[in-house]
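**Q** coords please:
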Amino acid sequence: MDSNQTPNGLYTVRQAAEILGTTAEAIRSRLNRGTLERVDGEDGRVYVRLDPDHTHIDADHTTDHTVEGSLVFKLQADQIEFLRRELERKDHIIMGLTQRIPELEARGATEARESPVSHSDGTGKSSTPPEPQEPSQRRSWWRAFFGLE
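**A** Prediction:
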């Protein structure tokens, strides 16, 4: 048994904060939410019961305290794998969209040039259509949005 540990795996709020690498306020919040087990001591102090997965204390607190093979470890590994797959999926989506930007800009410029514009002066005659803008003069919407030009 660790010298800081009380009988039955109970720790003071401050000790639990040191073990979990957080603040005493965070431990109190977890106790209020019920995510950590609160035990009221006979001496009037509040103790925190920690699972054995959390109670391995290092002198420098630099290593992971999660025991490989524990439920916590398995849940974290599953969540990490899920997040990696999500990142890869989103990277593929972003890459596909960025590859289509020049195609969409070219299509938008072509449609802007080909769209019929008629200015009626009341006599039924249309005035001269405006000259199409040069592609270098036209700003793309995404460059304007991100302030790149």
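**Q** show me the domain layout of this structure.
**A** 1-61, 66-112 (automatic domain parsing).
**Q** quick one: low-confidence ranges for the protein?
**A** 1-7, 52-67, 115-139, 149 (pLDDT under 70).
**Q** kindly recompute the last result at 90.
**A** The chain contains residues with pLDDT under 90 at 1-12, 15-22, 34-37, 39-46, 48-78, 100-149.
**Q** just put the domains of the chain in CSV and tack on distance to A144 and mean neighbour count.
**A** Any C-beta I mention is one placed from the backbone N, CA and C, and that applies to glycine too. Converted to CSV, those look like this (distance: least, Cβ to Cβ, whole Å; neighbours: other Cβ atoms under 10 Å):
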stretch, distance to A144, mean neighbour count
domain 1-61, 44, 14
domain 66-112, 12, 11
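**Q** got those domains as CSV, with distance to G147 columns?
**A** Output for these, formatted as CSV (distance: least, Cβ to Cβ, whole Å):
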stretch, distance to G147
domain 1-61, 39
domain 66-112, 16
